[in-house]
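*Asks:* just coords:
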């Protein structure tokens, strides 16, 4: 497995790969790899000739007071896990390599970034899209694998690649969960035992909302309020938002249309750790 620390080295490696007629699968991450990330690597390995992983804790997507300095960076362990999961090359740039001068250009996706995470963290998505655009430009033509756990981010990145005609196919991959339903996340490592147990309420709440829809409820407001009430009943949870949205537009439909599919999304704070989860639900 090749490890590259400069943009030129990473770009050159992948240019040479494509010159040989091989396809590239790209997995952008911030490191602290878990089974969710490894599932993306395995999907890329199954569908592409060469798997490229990026590990970069992007400062642009952290607001003041967020956990940038505390974000876990177990690089040696990450490299071992990446190689075992099928990575052929890993890009591990420094902040100075990615941002040699203060950024004067940012990438903004309108509309999709306004609700939910965009409302809770107003500068977050511009930081995400700016760094992902840079990584796509450095990597070149590829298939890029993103988990559905960060569903709004997936929608935003997909729209960015489409709007900017980037030579990248964004591939959504299913959420990987712990045995008790908690969605895998690097931030789960911040949870103490009590908060870790309490955090399972997110998935339970989403499943409760899905059960309402399956039983015939067509008012998205009623479903969202029920999801929120389940989270509120957990003493260690500080609820954020609970939403029922159209997966294409991220807008709340007026009514749930039979035969359609919606996405339930919810967030909550456990101690100082903010977690998010979502669930795809077919409307009967």
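*Replies:* Sure, I can see it. Quick caveat: nothing in here was measured; it's all calculated off a predicted structure.
*Asks:* which residues of the stretch 51-200 of the chain fall in helices?
*Replies:* 75-84, 95-98, 117-120, 124-139, 151-163, 193-198 (DSSP state H, counting those that start in this stretch).
*Asks:* for residue 104, find the nearest of those.
*Replies:* Taking Cβ to Cβ, helix 124-139 is the member of those nearest to residue 104, at 10.9 Å. In this view, the C-beta of every residue, glycine as well, is placed from N, C-alpha and C.
*Asks:* show me what that closest one is packed up against.
*Replies:* On a contact count with 3 or more Cβ pairs under 8 Å, 6 or more residues apart in numbering; DSSP states H and E, helix 124-139 meets helix 7-19, strand 24-29, strand 50-55, helix 117-120, helix 151-163.
*Asks:* tabulate those (a markdown table), appending mean neighbour count and mean pLDDT.
*Replies:* Converted to a markdown table, these look like this (neighbours: other Cβ atoms under 10 Å; pLDDT from 0 to 100):
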| stretch | mean neighbour count | mean pLDDT |
| --- | --- | --- |
| helix 7-19 | 16 | 98 |
| strand 24-29 | 26 | 98 |
| strand 50-55 | 26 | 98 |
| helix 117-120 | 17 | 96 |
| helix 151-163 | 21 | 98 |
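*Asks:* which among the ones you listed is found nearest to residue 63?
*Replies:* So among the helices and strands packed on helix 124-139, helix 117-120 is nearest, using Cβ to Cβ, at 9.9 Å.
*Asks:* ok, back up a step: now distance to residue 20 too, for the helices of the stretch 51-200 of the chain, in JSON lines please.
*Replies:* JSON lines is the format used below for the helices of the stretch 51-200 of the chain (distance: least, Cβ to Cβ, whole Å):
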{"stretch": "helix 75-84", "distance to residue 20": "21"}
{"stretch": "helix 95-98", "distance to residue 20": "26"}
{"stretch": "helix 117-120", "distance to residue 20": "39"}
{"stretch": "helix 124-139", "distance to residue 20": "16"}
{"stretch": "helix 151-163", "distance to residue 20": "24"}
{"stretch": "helix 193-198", "distance to residue 20": "46"}
